[in-house]
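Enquirer: Let's see this in three dimensions:
(one chain, ligands or ions: 1)
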Amino acid sequence: MSYKRVLSGIQPTGNLHLGNYLGAIKNFIAMQKNYECFYMLADLHAITVKVNPKDLKESIFNTAATFLASGLDSKKNTIFVQSSVRAHSEISWILNCIARVGWLNRMTQFKEKAGSNKEKASVGLYTYPILMAADILAYKASHVPVGDDQKQHLELCRDIAIKFNNDYEKDFFKIPESIIPKSVSRVMSLRDAKRKMSKSDESDISRINLTDTKDQISQKIKKAKTDNEPINENIFSNHSKRLEAQNLIKIFASLRCVTEESILKEFDGKSFSDFKKQLTEILINVISPISDKINYYKKDKQQLLEVLVKGNSKASEIADKTIDDIKKIIGLVQ
Ligand code: TYM
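Expert: Prediction:
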């Protein structure tokens, strides 16, 4: 197949943060130039844990506003809502019958999210990576931009696609490739660099939200954990335990689109206070315009609705064709 087609998604829950931006959205924006792109609000993934219906509805609009505010062009890309394209759920069931229990049992994100309370986790949380595979394969996407935490789910998607092709029809599914940022593929919490930056962290100062004000950004970076040593090249040495320092340097390098080495060279021997001032400045330069635009788009629900309705219809056309083909291939009478 000659096309270069992208599919990716973000769960519409709470505010998106710097991890979502550097891990995924930055690549969404870069890829819209040369690829046919489908960007999805993964609301069916959001309900794998209990949600407040009013909040979910609001978050769907907020996330759509964030996509546009970050620079996704609704004329070039198909921006749509997962639950509005029925084929996702239908394909997901069929892929449930292709995937093996042993494959799912290896998924580390389920183990992390379910924690010690596995028996009480929803079945949806367990089978969530299969729905993700359905999302991708419905469009026969060739490339999937994601952060590092989704890498294992992408590998599972590839295994499912390969097994379907082997079991039923050679070359039916394109085997998708993940596109993961090289530099900062996993942005860590500003309070504890052993944990990833996350919407679900109770501490708001652990993350920079894309809706944060200049003041909030500045306060959060001031409070971000570092160590007492100056900045030097041993931050990234093999036995370094300077995880918080590594995280901040990587964030800075990614925002400036330069290497970590060049940041280390620039600040060699200096303390973190000077570095933090400059990090705050660049964060404000990147985040504030997005935050202003989020507020602008959020006010115009009609425009957001139009973008989503158009996107849902275009996405449905393609995904419906895929489910029809799958049904024919596996012998389901239509
Ligand atoms: P979600 O909503 O948890 O995250 C959306 C995207 O942001 C990335 N990300 C991060 N990257 C770097 N550092 C972090 N701290 C960080 N936190 C989040 C994620 O890797 C992701 O790319 N299951 C997916 C949504 C989804 C999807 C799909 C993605 C549903 N179907 C099909 C790709 C293809 C999720 O929950 O992402």
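Enquirer: For the rest of this, base every contact and every neighbour count on C-alpha atoms.
Expert: Fine.
Enquirer: How many neighbouring residues does the residue nearest to residue 181 when sequence neighbours are not counted have?
Expert: In space, and not counting its chain neighbours, residue 181 is closest to residue 23: 6.3 Å by C-alpha to C-alpha, 6 or more residues apart in numbering. If you count neighbours by other C-alpha atoms under 10 Å, residue 23 ends up with 26.
Enquirer: can you give me the helices in the stretch 101-250 of the chain?
Expert: Assigned by DSSP state H, counting those that start in this stretch, the stretch 101-250 of the chain shows helices spanning 101-105, 108-114, 123-137, 151-167, 214-223, 243-256.
Enquirer: one step back: I'd assumed residue 185 was in contact with the residue nearest to residue 181.
Expert: Yes - using C-alpha atoms under 8 Å, residue 23 is in contact with residue 185, at 5.4 Å.
Enquirer: Overlap of the contact sets of these two?
Expert: Both residue 23 and residue 185 are contacted by 147-148, under the criterion C-alpha atoms under 8 Å, 6 or more residues apart in numbering.
Enquirer: and residue 15, what pLDDT?
Expert: Per-residue pLDDT puts residue 15 at 88.
Enquirer: my guess is it contacts residue 207, does it?
Expert: No - counting by C-alpha under 8 Å, residue 15 stays clear of residue 207, with 10.3 Å between them.
Enquirer: what residues are shared contacts of those two?
Expert: Shared contacts of residue 15 and residue 207 (C-alpha under 8 Å, 6+ apart): residue 199.
Enquirer: and the closest residue to residue 171 other than its chain neighbours, how many neighbours does it have?
Expert: Leaving out its chain neighbours, the residue that sits closest to residue 171 by C-alpha to C-alpha, 6+ apart is residue 165, at 5.8 Å. Counted with other C-alpha under 10 Å, residues neighbouring residue 165 total 16.
Enquirer: dump the residue contacts of residue 165.
Expert: Contact analysis of residue 165 by C-alpha under 8 Å, 6+ apart lists 171-173.
Enquirer: again, only using 10 Å
Expert: By C-alpha atoms under 10 Å, 6 or more residues apart in numbering, residue 165 lies in contact with 159, 171-175.
Enquirer: Now that we have those, which of them are buried?
Expert: Among the contacts of residue 165, those scoring as buried are 159, 172-175 (criterion: 16 or more other C-alpha atoms under 10 Å).
Enquirer: Let's have the residues you listed in a markdown table, adding pLDDT and distance to the ligand.
Expert: Shown next, in a markdown table, are those (pLDDT from 0 to 100; distance: C-alpha to the nearest ligand atom, whole Å):
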| residue | pLDDT | distance to the ligand |
| --- | --- | --- |
| 159 | 98 | 15 |
| 172 | 98 | 19 |
| 173 | 98 | 15 |
| 174 | 95 | 14 |
| 175 | 97 | 13 |
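Enquirer: Phi, psi for residue 41 please.
Expert: phi -90, psi 110 (degrees, to the nearest 10).
Enquirer: Neighbours of it, how many?
Expert: By the criterion of other C-alpha under 10 Å, residue 41 has 26 neighbours.
Enquirer: can you pull the contacts of it?
Expert: Here residue 41 is in contact with 8-13, 59-61, 63-64, 67, 79-84, 308 (C-alpha under 10 Å, 6+ apart).
Enquirer: So what touches the one helix or strand in the chain whose mean pLDDT sits lowest?
Expert: Of all helical and strand segments in the chain, the minimum by mean pLDDT, DSSP states H and E falls on helix 108-114, at a mean of 93. By C-alpha under 10 Å, 6+ apart, the surrounding residues in contact with helix 108-114 are 49, 104-105, 115, 117-118, 120-122, 125-129, 149-150, 152-153.
Enquirer: For that helix, output the C-alpha coordinates as CSV.
Expert: Extracted in CSV, the C-alpha atoms of helix 108-114 (Å, rounded to 0.1, in the frame of the first residue of the first chain):
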residue,chain,number,x,y,z
THR,A,108,2.2,-3.8,32.2
GLN,A,109,-0.2,-0.9,32.1
PHE,A,110,-3.1,-3.0,33.3
LYS,A,111,-1.0,-4.3,36.1
GLU,A,112,0.0,-0.8,37.1
LYS,A,113,-3.5,0.6,36.8
ALA,A,114,-5.3,-2.3,38.5
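Enquirer: Is that helix in proximity to the ligand?
Expert: No - Helix 108-114 stays clear of the ligand (C-alpha under 6 Å from any ligand atom), getting no nearer than 9.9 Å.
Enquirer: Show me what the helix ranked longest in the chain is packed against.
Expert: Of all the segments of type helix in the chain, defined by DSSP state H, the longest one is helix 301-330. Counting contacts by 3 or more C-alpha pairs under 10 Å, 6 or more residues apart in numbering; DSSP states H and E, helix 301-330 packs against strand 36-41, helix 53-70, strand 78-81, helix 87-96, helix 123-137, helix 151-167, helix 272-299.
Enquirer: how about low-confidence regions in this structure?
Expert: The model of the chain has pLDDT under 70 over residues 1-2.
Enquirer: Show me which residues of it are close to the ligand?
Expert: For the chain, the residues in contact with the ligand (C-alpha under 6 Å from any ligand atom) are 7-11, 19-20, 23-24, 42, 132, 135-136, 146-150, 185-188, 196-198.
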